[in-house]
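Peer 1: sequence-free structure coming up:
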């Protein structure tokens, strides 16, 4: 079949900055572009299936019209994408080989191999990120210091609010030739734990880049805020030579020399301003600088040129990492190199003397995923709890307790965005998301089975925006952790706490002041990018010489992303946004008030509705609602519209004026959820907005959402069952508030009807399990009906943490 793109068979030169709003180059029209994007980017359809769709199925429907499909075959589709001038940052390569001294009889294969490194110009990649119009309102052009409106206290969120970038801007301002330039910090990250996709004799792993100007939410999301800029080579050798100092040193030298070569295009722009276009269409002078490096501990050792089990951030001895110690610095390291021999540096200071390359220590970013979630929580505390149980009880009793802990975890009810564990912790392959989800439900599950000091050792702080008060909370939580973790040492569960990942938590407060909120520099960002940039392209390859196909796939994906940005900037992709959802959602079914009362088993529901109507019609009545005679309340028994869910829109308390402050979530109340059991979510109800946290909130469970019209006014409502607070403060050990189901007269559930505007957002409760073992037949959807008291789970997400205090 002939190509439908005869006039575009070759490369072309276009003024890409002055295109008409109907110019879909290199496509003919929007349908072609969205078809290409769907097949190649979203569906990731293999070439053979693209040919079958175009040449057989699609062509057969057009033959009677004497017409052809949009593309002749997969080659034509790929050619059109390749011909795009947007997002074109070609791949380059260089080779590295060992050129050091060798003995006459040395015959080591790694010395003779050539190591191939592929990379893209990081300067051009940075240009594309700066010019991305979809981020034009989520980018900072200069450092800033932000203060809260209440108390005028410093707070940190996005990278440009940190002290490090502020100090760099001060240095730029000292030079008249760079004064007024926008500072662009280049953030790097690498992940050698995923080299299984590498092919051939060499082992590659990806190198990523981002810029500090974009907001954290852009970097965390799949929005082209992180780009792959290289595949680094890792030398291989036999087990006989793997531990030799010469090979280890070459391994590190290969890593550092490859980074230096890849980053070389940035060097001129680090001292001489260059003009580049930003997403708002305006041009500015920019100065580049190397920012933090996102990396796991294994690569931190490689990057900082230290010995394993030492800290890359401070000079604490590996035998006692948590001792008070000064930060690492290049000056200190160079002074040691001058005074001590390499053996002493290795043993006494954990420094690889031959590889002191730069003052990298400060630039190693905090890593929530591997240091806190997988490290201190999953690999340490969860493992220690299991070991404690096995050491304290006989094998059968310990297993029985761990089975009950699994049942408790499985019994946690559903919550929007919260992963469930139907089998407890009983699966082999843990991901970072699994560990993160377990953190939110684990603490109540172990209470009653372990001493309280173990429970007290778990104290988390969840914040999207870090304030000065948050830093105090972090330091307090760390102090509590260091105090209560001693129970694991006194019970011989562990011998010492000199664990690099756990020790890294001591540097978090300083890192937050330097680089702002740590969720913007977490290795989960590069791991997520690794799926899109390496794993998925490898899966769609032929597996033969896969790396070349991975590079080409990434280049085409970048071109499609750049085209979408360009078309969006020119207003050519409008009309595809979803319309705003109604407050009450889903298909309504019509009932009467008595019918709903029968369905919910609340016979006095009509009376509750009368009281609700009176409060709505007489909001200034000074009487307590319970003192108002029912005879004064209007009667309504007509039709109502019942809904299965509602949409809650609320502002995150710590980001009331920020772009990302508005959040939306769905609250369910339906008799059959996904064709099975019923689901009735819990909510926070605003009772006094002048009081902080839980003092101004109550917790309730939604039995039904409905609306009705009375005297021309529509009233959206919720029937709720109250959960009353047991105390006027959070539980000291657990750090969470405790509530119990409210009871009315004759020990019946305490119900009422509230206006839907009184609902703040969804709440999540976890039962207080006590010391009793759960019956095996208990299911998670029974949880809200089966227990006498519940913890208000402030760890469900960071919004809940900011609310339920």
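Peer 2: Thanks, I have the structure now. Everything quoted here is computed from the prediction, not taken from an experiment.
Peer 1: just give me the neighbour total for residue 669.
Peer 2: For residue 669, the number of neighbouring residues by other C-beta atoms under 10 Å comes to 24. Using the backbone N, CA and C atoms, a C-beta is placed for each residue, glycine as well.
Peer 1: and it, what helix or strand is that in?
Peer 2: In this assignment (DSSP states H and E), residue 669 forms part of strand 662-670.
Peer 1: within the sheet, what are the partner strands of the next helix or strand after that strand, with directions?
Peer 2: Next along the chain after strand 662-670, taking DSSP H and E as the criterion, comes strand 679-680. The strands that strand 679-680 pairs with in its sheet are strand 662-670 (antiparallel) (by DSSP bridges).
Peer 1: still on that earlier bit, find out how far the strand holding residue 669 is from the centre of the chain, if you would.
Peer 2: On the basis of C-alpha atoms, centre = their mean, to the nearest Å, strand 662-670 sits 20 Å off its chain's mean C-alpha point.
Peer 1: next: stretch 122-142.
Peer 2: So, by C-alpha atoms, centre = their mean, the centroid of stretch 122-142 is 21 Å from its chain's centroid.
Peer 1: where along the stretch 1-150 of the chain do the helices fall?
Peer 2: 30-36, 47-51, 59-62, 74-82, 109-112, 122-130 (DSSP state H, counting those that start in this stretch).
Peer 1: for the strand holding residue 669, the averaged confidence score.
Peer 2: Averaged over strand 662-670, pLDDT sits at 82.
Peer 1: equivalent analysis for stretch 752-770, please.
Peer 2: Stretch 752-770 shows a mean pLDDT of 93.
Peer 1: what residues of it count as buried?
Peer 2: 752-754, 756, 758-769 (16 or more other C-beta atoms under 10 Å).
Peer 1: go on, stretch 432-451?
Peer 2: Applying 16+ other C-beta under 10 Å to stretch 432-451 flags 432, 434-450 as buried.
Peer 1: what does it contact?
Peer 2: Outside stretch 432-451, the residues that touch it by C-beta atoms under 8 Å, 6 or more residues apart in numbering are 369, 373-374, 377-378, 382, 385, 388-389, 401, 404-405, 408-409, 412, 418-419, 421, 425, 427, 454-455, 458, 460, 487, 524, 527, 734, 766-772, 791, 793, 795-797.
Peer 1: what does stretch 728-742 contact?
Peer 2: By C-beta under 8 Å, 6+ apart, stretch 728-742 touches 443-444, 447, 452, 455-456, 459, 694-695, 699, 721-727, 749-750, 765, 768, 788-795, 804-805.
Peer 1: now the buried members of those residues.
Peer 2: Applying 16+ other C-beta under 10 Å to the contacts of stretch 728-742 flags 443-444, 447, 455-456, 459, 694, 699, 721-723, 725, 749, 765, 768, 790-795, 804-805 as buried.
Peer 1: residue ranges of the helices in the stretch 601-750 of the chain, please?
Peer 2: 605-617.
Peer 1: what about it, any weak spots by pLDDT?
Peer 2: Across the stretch 601-750 of the chain, the ranges flagged by pLDDT under 70 are 650-662, 745-748.
Peer 1: got the contact list for residue 111?
Peer 2: 98, 102.
Peer 1: which strand or helix spans the residue lying closest to residue 454 once chain neighbours are set aside?
Peer 2: Nearest residue to residue 454, sequence neighbours excluded (C-beta to C-beta, 6 or more residues apart in numbering): residue 487, at 5.9 Å. Assigned by DSSP H and E, residue 487 belongs to helix 486-490.
Peer 1: pull out the buried residues from that helix.
Peer 2: For helix 486-490, by 16+ other C-beta under 10 Å, it's 487-488.
Peer 1: then stretch 509-528?
Peer 2: Under 16+ other C-beta under 10 Å, the buried positions of stretch 509-528 are 509-528.
Peer 1: so of the contacts of stretch 432-451, which ones are in helices?
Peer 2: Mapping the contacts of stretch 432-451 onto helices (DSSP state H) picks out 385, 388-389, 401, 404-405, 408-409, 454-455, 487, 524, 527.
Peer 1: which of the residues you listed has the weakest pLDDT?
Peer 2: For the ones in helices among the contacts of stretch 432-451, the pLDDT minimum is residue 527, 85.
Peer 1: I'd say residue 726 and residue 789 touch.
Peer 2: Yes - between residue 726 and residue 789 there is a contact under C-beta atoms under 8 Å: 6.5 Å.
Peer 1: got the phi/psi numbers for residue 278?
Peer 2: phi -100, psi 170 (degrees, to the nearest 10).
Peer 1: check contacts around it.
Peer 2: 130-131, 136, 139, 141, 284.
Peer 1: one more time with 7 Å
Peer 2: Shown in contact with residue 278 (C-beta atoms under 7 Å, 6 or more residues apart in numbering): 130-131, 284.
Peer 1: export these as JSON lines, with columns for pLDDT and distance to residue 186.
Peer 2: As requested, these are arranged in JSON lines below (pLDDT from 0 to 100; distance: C-beta to C-beta, whole Å):
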{"residue": "130", "pLDDT": "93", "distance to residue 186": "11"}
{"residue": "131", "pLDDT": "90", "distance to residue 186": "15"}
{"residue": "284", "pLDDT": "93", "distance to residue 186": "16"}
